[in-house]
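Q: got a predicted structure plus its sequence, pasted below:
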Amino acid sequence: MSGSDGVVWAWSTIVDKLVSDERVTSAMRGFVTLAEPRGVMAGTIYLEVPNEFTRSMIEHRLRLPLMKAISELDAEHGITTFAVVVNPEIEPESESNDSLPGDERPESVAIVEPVTTTEREPQQSIEDSRLNPKYSFDNFVIGGSNRFAHAAAVAVAEAPAKAYNPLFVYGESGLGKTHLLHAIGHYAQSLYSGIRVRYVSSEEFTNDFINSIANNQGNQFHARYRNIDVLLIDDIQFLQGKAETQEAFFHTFNTLHDHNKQLVITSDLPPKHLTGFEDRMRSRFEWGLITDVQTPDLETRIAILRKKAQNDQLQVSHEILEYIASKASSNIRELEGTLIRVTAFASLNRQVVDMPLVQTVLKDLITLDEDNVISPIDIINHTADYFKLSVDDLYGSSRSQTLATARQIAMYLCRELTNLSLPKIGQLFGGRDHTTVMYANKKISELMKERRSIYNQVTELTSRIKQTNRYN
Ligand SMILES: Nc1ncnc2c1ncn2[C@@H]1O[C@H](COP(=O)(O)OP(=O)(O)OP(=O)(O)O)[C@@H](O)[C@H]1O
């Protein structure tokens, strides 16, 4: 660990930035003055504080401004994050453990303490929370494009309803918003045993609401959405223009917020640009913290591919990952799709993933201009045509093998090539559940590695769809 003048200098620069940050209240500044920088190791600046309460306040309430200040430091300091350690020996004599600096106690500083093992409540089941185990903070790659959103998400998971409420994350499709939502849920559950978390897309919320009216089950609906500690709602833009559902969400929002429950909302646009929403709704979205996720730069794209290759135990060299990241689209979902194609092709041909192989595969994957948006209808029409089926066959419920595979390929391509969410795709294919689309996605990714016919069908179809779009 390096504990030099450089560290003290870096810390005083950070403190200056915090002091001029209007989000940092005077009480919070007091906590900062209690921290002493001890050194930097592997990019982490270690701070010592006199007690647990100060550590909690810095980690939970100051994480975001601190991370922001750190990100603005000169690169020469080599500091990318911070860690806080309690050392009671630096306790100032005149101060008791729980008196706040400046004698100011903000109104809602109660920290939700993690529950000890002796007082554990039964864990909420995965089905109840609807969290996808695939998406956690551990496999989320942090880069310049998402550092702020990631820090905010961690802060919210560590101190639900205390840090930022609601947290509103916006950005284009496929940039990791859903991933962050699930990661918040998992992390909060790991910290607070018994915490009730629920992930829901806004389409599912709408369907739940409509069903509750149709079946006269308003009470169950209210209980389901108000009896939770952390509500994670994805793609709120889909509530656009749905006055009744918005009204239901408005009341859900108010009840949860009034009871100090956490809300995290994602959207493709920031609140002020969301059309078809009442002002009272938009203004609530702005109550907490708004942050965006941007398109990742090359380094982050490479790091994401590397993580993906590591998780899926794919043998792909750094050079190849770099090449794919430089050629493929900046939409991370499409980037991952390209890696799946490359490794599937190699596995089918029992070849190693080398440069000539990657170039062959990428040749078939024409990258479209940003203005060329592929519509799901095009995908469905092309798929029906390719398999000599009717469009109604794809929407329908027949389970014959050929039809089921064609339908799954169409769903896979809708997921890879469009911005549609899983529930939206499910709806398109005759009102199927989003888990059916998830299953189709997984199945086709796997089948492409095992069956050449499937690989060829997916590749040919992709290229037909993209060709048509290109010349339209
Ligand atoms: N920083 C990241 N690290 C690792 N994987 C990522 C990252 N960002 C995105 N991904 C992956 O990219 C894919 C698309 O991300 P995700 O579904 O979260 O996007 P989204 O912004 O919610 O898109 P949409 O608005 O279309 O729902 C997922 O497989 C996700 O795990």
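A: Looks like it arrived, so ask away. Numbers count the residues shown, from 1 in each chain.

Q: flag every residue of this protein that's near the ligand.
A: Taking Cβ under 6 Å from any ligand atom as the measure of proximity, the chain contacts the ligand at 135, 139-141, 146, 171, 173-179, 235, 304, 307, 332-333, 336, 419, 421. Using the backbone N, CA and C atoms, a C-beta is placed for each residue, glycine as well.

Q: of these, keep whichever come out buried.
A: Among these, those buried by neighbour count (16 or more other Cβ atoms under 10 Å) are 135, 140-141, 146, 171, 173-179, 235, 304, 332-333, 336, 419, 421.

Q: for this protein, just list every one of the strands.
A: With DSSP state E, the ranges of strands along the chain come out as 36-41, 44-49, 81-86, 167-170, 197-201, 230-234, 262-267, 289-292.

Q: so can I have CSV of the ones you listed showing mean neighbour count, distance to V437 and mean pLDDT?
A: As requested, the strands of the chain are arranged in CSV below (neighbours: other Cβ atoms under 10 Å; distance: least, Cβ to Cβ, whole Å; pLDDT from 0 to 100):
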stretch, mean neighbour count, distance to V437, mean pLDDT
strand 36-41, 17, 44, 84
strand 44-49, 21, 40, 86
strand 81-86, 16, 36, 84
strand 167-170, 26, 22, 96
strand 197-201, 23, 11, 95
strand 230-234, 25, 14, 96
strand 262-267, 26, 18, 97
strand 289-292, 20, 26, 94
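
Q: need those in TSV with distance to T435, can you?
A: Converted to TSV, these look like this (distance: least, Cβ to Cβ, whole Å):
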stretch	distance to T435
strand 36-41	44
strand 44-49	39
strand 81-86	36
strand 167-170	23
strand 197-201	12
strand 230-234	15
strand 262-267	20
strand 289-292	29
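
Q: of all these, which one is nearest L394?
A: strand 197-201 (22.3 Å; Cβ to Cβ).

Q: and that closest one, what does it pack onto?
A: The contact analysis (3 or more Cβ pairs under 8 Å, 6 or more residues apart in numbering; DSSP states H and E) places strand 197-201 against helix 126-129, helix 177-191, strand 230-234.

Q: any idea which residue of this structure lies closest to the ligand?
A: Relative to the ligand, the nearest point of the chain is G176 (2.7 Å; Cβ to the nearest ligand atom).

Q: what's the closest non-adjacent residue to that residue?
A: V293 (5.5 Å; Cβ to Cβ, 6 or more residues apart in numbering).

Q: list the contacts for that neighbour?
A: Applying Cβ atoms under 8 Å, 6 or more residues apart in numbering, we find V293 in contact with S145, N146, A149, V169, Y170, G171, L175, G176, K177, L180.

Q: how far away is it from S390?
A: 40 Å (Cβ to Cβ, to the nearest Å).

Q: helices of the stretch 301-450 of the chain, start to end?
A: Using DSSP state H, counting those that start in this stretch, the helices found in the stretch 301-450 of the chain span residues 318-327, 332-348, 355-364, 376-386, 391-395, 401-417, 422-428, 434-450.

Q: quick one: contacts of the fourth one?
A: In this structure, residues lying in contact with helix 376-386 by Cβ under 8 Å, 6+ apart are 389-391, 393-395, 406, 409-410, 413-414, 417-418, 420, 425, 428, 457, 460-461, 464-465, 468-469.

Q: give the buried residues for that helix.
A: For helix 376-386, burial by neighbour count (16+ other Cβ under 10 Å) applies to P376, D378, I379, I380, N381, H382, T383, A384, Y386.

Q: kindly report the same for the first one.
A: Along helix 318-327, the positions that meet the burial threshold by neighbour count (16+ other Cβ under 10 Å) are I320, L321, E322, Y323, I324, A325.

Q: before we move on, the earlier item: okay, the buried residues of helix 376-386 in TSV with distance to S71 and pLDDT next?
A: Formatted as TSV, these follow (distance: Cβ to Cβ, whole Å; pLDDT from 0 to 100):
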residue	distance to S71	pLDDT
P376	38	89
D378	41	90
I379	40	93
I380	44	93
N381	46	92
H382	44	93
T383	45	94
A384	49	93
Y386	48	93
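
Q: send the alpha carbons of stretch 15-29 over as CSV?
A: Coordinates of the C-alpha atoms in stretch 15-29 are reproduced here as CSV (Å, rounded to 0.1, in the frame of the first residue of the first chain):
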residue,chain,number,x,y,z
VAL,A,15,-12.8,16.7,-0.1
ASP,A,16,-12.7,20.0,-2.0
LYS,A,17,-14.9,18.6,-4.7
LEU,A,18,-17.3,17.1,-2.1
VAL,A,19,-17.6,20.4,-0.3
SER,A,20,-18.6,22.2,-3.5
ASP,A,21,-21.1,19.5,-4.5
GLU,A,22,-24.5,20.8,-3.7
ARG,A,23,-25.9,17.4,-3.0
VAL,A,24,-23.6,17.0,0.0
THR,A,25,-25.3,18.6,3.0
SER,A,26,-23.3,20.3,5.8
ALA,A,27,-24.0,17.3,8.1
MET,A,28,-22.5,15.0,5.4
ARG,A,29,-19.5,17.2,5.1
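
Q: picking up where we left off before, show the buried residues in the contacts of helix 376-386.
A: Buried among the contacts of helix 376-386 by 16+ other Cβ under 10 Å: 389, 393-395, 406, 409-410, 413-414, 417-418, 420, 425, 428, 457, 461, 464-465, 469.

Q: got a pLDDT number for the most centrally placed residue in the chain?
A: Centroid check for the chain by Cα atoms, centre = their mean gives L180 as the closest residue, at 2.2 Å. For L180, the model assigns a pLDDT of 97.

Q: so how far is Q427 from the nearest residue to it once chain neighbours are set aside?
A: Distances taken as Cβ to Cβ, 6+ apart put A153 closest to L180, at 4.7 Å, once the chain neighbours are dropped. Applying Cβ to Cβ, the value for A153 to Q427 is 28 Å.

Q: those two: which is more packed in?
A: In this view A153 and Q427 are compared by other Cβ atoms under 10 Å, and A153 has more residues nearby, 27 against 18.

Q: and the more buried one, what does it touch?
A: Counting by Cβ under 8 Å, 6+ apart, A153 has contacts F137, L167, V169, L180, A183, I184, V264.

Q: could you dump those residues into a markdown table with distance to K242 added?
A: Shown next, in a markdown table, are the contacts of A153 (distance: Cβ to Cβ, whole Å):
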| residue | distance to K242 |
| --- | --- |
| F137 | 32 |
| L167 | 23 |
| V169 | 21 |
| L180 | 25 |
| A183 | 28 |
| I184 | 25 |
| V264 | 20 |
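
Q: you'd agree the residue nearest to the centre of the chain is up against F140?
A: Yes. At 6.9 Å, L180 and F140 qualify as touching, with contact defined as Cβ atoms under 8 Å.

Q: what residues are shared contacts of the two?
A: N146, H150.

Q: send me the top helix by length along the chain as PDB with only the CA atoms.
A: Secondary structure of the chain per DSSP state H: the longest helix is helix 452-471. Provided in PDB are the C-alpha atoms of helix 452-471 (Å, rounded to 0.1, in the frame of the first residue of the first chain):
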ATOM      1  CA  ARG A 452     -25.400 -26.800 -38.100                       C
ATOM      2  CA  SER A 453     -28.900 -26.500 -39.600                       C
ATOM      3  CA  ILE A 454     -30.000 -24.200 -36.900                       C
ATOM      4  CA  TYR A 455     -26.800 -22.100 -37.100                       C
ATOM      5  CA  ASN A 456     -27.300 -21.800 -40.900                       C
ATOM      6  CA  GLN A 457     -31.000 -20.900 -40.600                       C
ATOM      7  CA  VAL A 458     -30.300 -18.200 -38.000                       C
ATOM      8  CA  THR A 459     -27.400 -16.800 -40.000                       C
ATOM      9  CA  GLU A 460     -29.200 -16.800 -43.400                       C
ATOM     10  CA  LEU A 461     -32.300 -15.200 -41.900                       C
ATOM     11  CA  THR A 462     -30.300 -12.500 -40.100                       C
ATOM     12  CA  SER A 463     -28.600 -11.600 -43.300                       C
ATOM     13  CA  ARG A 464     -31.900 -11.600 -45.300                       C
ATOM     14  CA  ILE A 465     -33.500  -9.300 -42.700                       C
ATOM     15  CA  LYS A 466     -30.600  -6.900 -42.600                       C
ATOM     16  CA  GLN A 467     -30.200  -6.900 -46.400                       C
ATOM     17  CA  THR A 468     -33.800  -5.800 -46.900                       C
ATOM     18  CA  ASN A 469     -33.500  -3.200 -44.200                       C
ATOM     19  CA  ARG A 470     -30.300  -1.900 -45.800                       C
ATOM     20  CA  TYR A 471     -31.900  -1.200 -49.100                       C
END
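
Q: many thanks, have a good one.
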